[in-house]
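Q: sequence and predicted structure, then a few things I'm wondering about:
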Amino acid sequence: MGNREKNPRRNGAVAPVAAKNDLNGIASPILEPGLLGFFKRLRGTVGLRLLAAVLLFSSLVTLTLTGVQLYLEYDRDVSAIENRLNEIGRSYVGSLAESVWNLDQNQLELQLNGILRRRDIRAVEVRETIDRPNPIRFVVGQRGTQSLISREYPLDHLIQGARHQIGVLYVEATLTNVYRQLLDRTLIILVSQAAKTFLVSFFILYVFHWLVTRHLVTIAEYVSSYNFVRPPPPLRLDRRPPRKPDELDKVIDAFNGMCGNLQHAYGELRQANVELERDLAVREQAEENARKSEQRFRDYAETASDYFWEIGPDLTFTYISDRMGAFGADRDKLIGKDPVDLALAAGADPEVMREHRARVERHEPFRNLEYARRDFNGPVRWVRVNGRPVFGSDGSFLGYRGSSSDVTKQHEAEERLRQSQRMDAIGQLTGGVAHDFNNVLTVITGTIEILEEGVKDRPQLAAVAQLIDDAATRGAEITSQLLTFARRQPLQPRKVDVNGLITETARLINPILGEHIELKLELAKDAWSALADQSQLSAAIINLAVNARDAMPDGGRVTLESANVTLTGPDVSADDEVKPGDFVMIAVTDTGQGIPAEIRDRVFEPFFTTKGVGRGTGLGLSMVYGFARQSGGTVKIDSEEGRGTVIRLYLPRATGQAAVEVEPVRAPIATSAHEKILVVEDDPLVRGYVIAQLGSLGYKTLSASDGAAALALVDQGAQFDLLFTDVIMPGGMNGRQLADAVLKRRPGVRVLYTSGYTENTIAHHGQLDPGIALLKKPYRKSELARKIREVLEGG
C-alpha cells in the first residue's frame, strides 16, 4: 500500500504542495518543546476528551470499590461494637440486678465505670423501675444524640420464686472512632488511586496521540487544502508501516477512493446543472406563488386590525383568520356567507349597509367603516372594517382583502368623554347661575322674615308672605340640587353611622310615603361607618324614597337596606372615577312598575322626568348621582319592568384620622353682641341686607365691595374682630386670597366665608378645606346669627 513506503522525514506528514503554506500553524504536537507544548496542543482535541473519559471511568470504579471496601469495614466495626454490647448484657445484668435490689450504690458505680472503660462505650445508665419514692438512677459518661448504638437490658430479680423486672440497664456506644478510621482509610485509598489513575491516563493519552491524533491532524490538513480544479496527489502518512494494515491504513485507502469518486461526481454535477435549467418554469411558478403570498400579507399589514378576511368575486367569505373566534363565531361556518347579510342579520344599520354594499359592488376601497351589531355571543359591539379590492394581472376582479376591529371600548370611552364634557358644561352654567341666584335668594329669604313679622296680624298678607318664603326656599333647594348634581356643592364629610342615619331618616320618610306604602328596614348589624356629608346623605335617601313612592301609585313596599361591600377591579372597571376598596352600600328597593330599558340610562340626567309637567323637577336622582360621585362613591340601578327597581348607593368606608364622629349642634349661648365685623360683599343688595341684619343683632360693621377696598381699610388701621367675606368676587382677588392677606396683617382675626358657589376656592374635590368656616347662601337671620357666634367663640 502507498502509506507503507519508507520516508526519512519521520516527524512530519507528507502534504500536498498547495496546502503547505496555508497549514503551517497546524503542526504535530510532538514538535512542540517539552510537556508544555504537548499540553498546549492538547486543548480541544479528542485526546483531551479521552483523558476525561478515562479519568471519569477510573474515578467511578475507584469510588465504587472504595465504597464497597469501606462498607465492609464499617459493617465489621459495627458488628464488633454490637458484640461488645451483647457481651456487656450477658456479663453484667445479673450482678447489676443484685446491686439494685440490695441498693448497693457503691457497687453499682464500680460496675458502671467498668463498663464505661470498655472500648467505644460512651455512656451507661441504670434506673430502677419499681414504683417507690426516689427510685435509683445512676448515669456515668455523657449521652450523645447522633452517631451511636444503644441497647437496653432488663434487670430481673428472683422474688418468691418468680422473676420480676426491677430496673433497666442502658448502654450507649459511639461510632465516632469508626467514622474517623473510615475517613482516614478513605483519604489514603483515594489519594493512591488518584495518583495511579492520573499516571495511567496520561500514558494512555500520550500513546493515543502518537498512534492516532497526529495522523488525524494530517488528514485534516489534507482535506482543508483539497482543490477540485487541481487535485493533489493521494494522501500518505508519515509512520512506520505496521505488519498488517490497521484502521488508519483502511481510512487512508477509503479517503483516497472517496476523493476519486468526488472528482467523478464533480463532472456529473456540471452535467446536472444543465438539466436544472429545464426546471425554470417550475421555479418561476414558485416565485409567482411567493409574490402573491407576500402581497396578501402586505395587504393585511396595511389594513391592520383584529382579524383578517378575504371575500371572492361573488362577495362571500373565502378566508377568515383565527382571531374571529374571539367574537364568539365559528369561522368555518362563515365561509361562503355574505358579510353584509350577516351584519344586517346581527342588527346593523340598514342604511349604512346599503351604502357599503354599493361601494363594494363598484369595487372601491373602504376604510374606517363603523357600525354597531350584536356579537355572536349576544352583546352589542362596535366594529370598524377596512378593505381593498384585489385584481388579477389581466385586470379581472378577484375579491376583497381586509380586516375588522372591535372598537367597542373606544366608543364607550368617547361616550364617557362626551358625558363628562356635558357634565362640565352643566357645572359651569350651574355655578354661574347659582352665584347670582343665591345672592338674590339671600336678600329675599332674609327680608321676607321681616315682612312676616310685620304682617303676622294680617292673615291675608301673612299668607302671601308665606308663599314668597316657600317659593324662595324651593328656589334654594333647586339651586342646591343643581350644584350637587354638578358636583360643585361643598361637602363636609364626616364619619356617619349609616344604620343610625337610615333609622332617623325613616321617621321622616314614613309620613311622606303614606299609609298605602309599607316601609321596611333591613340593616346589616355590622355595617361600617361611611365617610359622607350627613345632611346630603339624608336628603339623598329621602329623594330615593320619594321616587320609589311615585313608582307605586297603587301601593307597595319600600325597603331600606345597608350592607358592607368590597369593590374589586372588575366591579369598577367601567367607572374611571371610582377606585377599588371598601364601601358602605345603601339600597332603596320598591315593588313598583320598574323603569323601561330605553330610558334606564337617562334617569340620572338633570331635568329628566317621567312624572309629567308640574309633578317634579327631574333633579332628585341627579342630586343623588352627583352627591355619590362627589363623595368618592357611585350609584348603580337595577330595574325590570313590572318587577320593581333597586337603586344602590355606594359610599366609601370611613377610616383614618379624618373620620370624626359628628357631634350634635349646640345652640349658641345668647350674649350681648359687641364685636365689630368687616363685611366684604360685591353685591350691593346682599351687602346692605347683611349690614342691616348684623346691626339688628347688635354688631358694629365695616363694609367693602371687593378685596382691594377691604385691604385698604385694614392698612388704614381699621379694627374688627371678624372678617365676613364672599368667596367669588370681581377685581382679581377672591375671598380666600383676601383672607390670606388679612391674616398676614392681623393673625388673630377670625374669618367666616359665605357663598352660593365656591368654585375651587375654599373647597377641593367637593370637600371644604380643613379649618374653613362657610355659611351657604341663601341664609336666614337665625342662621347668620348662629354661625357668627360659632366663629367668634371659636366653635
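A: That came through, no problem. Numbering: from 1, shown residues only.
Q: quick check: which ranges of the stretch 201-350 of the chain have low pLDDT?
A: Across the stretch 201-350 of the chain, the ranges flagged by pLDDT under 70 are 297-305, 325-328.
Q: run through the helices of it in chain order.
A: 214-224, 247-276, 280-302, 331-334, 339-345, 350-361 (DSSP state H, counting those that start in this stretch).
Q: will you turn those helices into JSON lines that also has distance to V200 and mean neighbour count?
A: C-beta coordinates here come from the backbone N, C-alpha and C atoms, glycine included. Formatted as JSON lines, the helices of the stretch 201-350 of the chain follow (distance: least, C-beta to C-beta, whole Å; neighbours: other C-beta atoms under 10 Å):
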{"stretch": "helix 214-224", "distance to V200": "21", "mean neighbour count": "18"}
{"stretch": "helix 247-276", "distance to V200": "23", "mean neighbour count": "12"}
{"stretch": "helix 280-302", "distance to V200": "61", "mean neighbour count": "11"}
{"stretch": "helix 331-334", "distance to V200": "70", "mean neighbour count": "13"}
{"stretch": "helix 339-345", "distance to V200": "81", "mean neighbour count": "17"}
{"stretch": "helix 350-361", "distance to V200": "86", "mean neighbour count": "14"}
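Q: can I get those in JSON lines with distance to I149?
A: Below are the helices of the stretch 201-350 of the chain laid out as JSON lines (distance: least, C-beta to C-beta, whole Å):
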{"stretch": "helix 214-224", "distance to I149": "59"}
{"stretch": "helix 247-276", "distance to I149": "59"}
{"stretch": "helix 280-302", "distance to I149": "78"}
{"stretch": "helix 331-334", "distance to I149": "75"}
{"stretch": "helix 339-345", "distance to I149": "85"}
{"stretch": "helix 350-361", "distance to I149": "93"}
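Q: what about those helices, which gets the closest to D457?
A: helix 350-361 (72.1 Å; C-beta to C-beta).
Q: sheet partners, orientation included, of whichever helix or strand comes after the closest one?
A: Next along the chain after helix 350-361, taking DSSP states H and E as the criterion, comes strand 366-374. Strands that pair with strand 366-374, judged by DSSP bridges, come out as strand 380-391 (antiparallel).
Q: the strand it pairs with versus helix 280-302: what angle between them?
A: Computed by axes from the mean of the first three to the mean of the last three C-alpha atoms, to 10 degrees, the angle separating strand 380-391 from helix 280-302 equals 150 degrees.
Q: ok now strand 380-391, how far from the chain's centre?
A: Between the centre of strand 380-391 and the centre of its chain there are 35 Å (C-alpha atoms, centre = their mean, to the nearest Å).
Q: could you dump that strand to CSV, C-alpha only?
A: Taking only C-alpha atoms (Å, rounded to 0.1, in the frame of the first residue of the first chain), the coordinates of strand 380-391 have been written out as CSV:
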residue,chain,number,x,y,z
VAL,A,380,-73.7,44.7,21.1
ARG,A,381,-70.3,45.6,19.7
TRP,A,382,-69.0,48.4,17.5
VAL,A,383,-67.0,47.1,14.5
ARG,A,384,-64.6,49.0,12.3
VAL,A,385,-63.9,47.5,8.8
ASN,A,386,-61.2,48.2,6.3
GLY,A,387,-60.8,46.6,2.9
ARG,A,388,-59.3,47.0,-0.6
PRO,A,389,-60.2,45.3,-3.9
VAL,A,390,-57.9,42.7,-5.4
PHE,A,391,-57.4,42.5,-9.2
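Q: what comes up buried for that strand?
A: R381, W382, V383, R384, V385, N386, G387, P389, V390 (16 or more other C-beta atoms under 10 Å).
Q: can you check stretch 307-318 too?
A: Y307, F308, W309, E310, I311, L315, F317, T318.
Q: before we move on, what about stretch 713-732?
A: L713, V714, F720, D721, L722, L723, F724, T725, D726, V727, I728, M729.
Q: list phi and psi for K777.
A: phi -90, psi 150 (degrees, to the nearest 10).
Q: from the buried residues of stretch 307-318, pick the one nearest S538.
A: Y307 (53.2 Å).
Q: quickly list what that closest one is bridged to.
A: Under the criterion DSSP bridges, Y307 forms beta bridges with S404.
Q: please consider this matter closed, and thank you.
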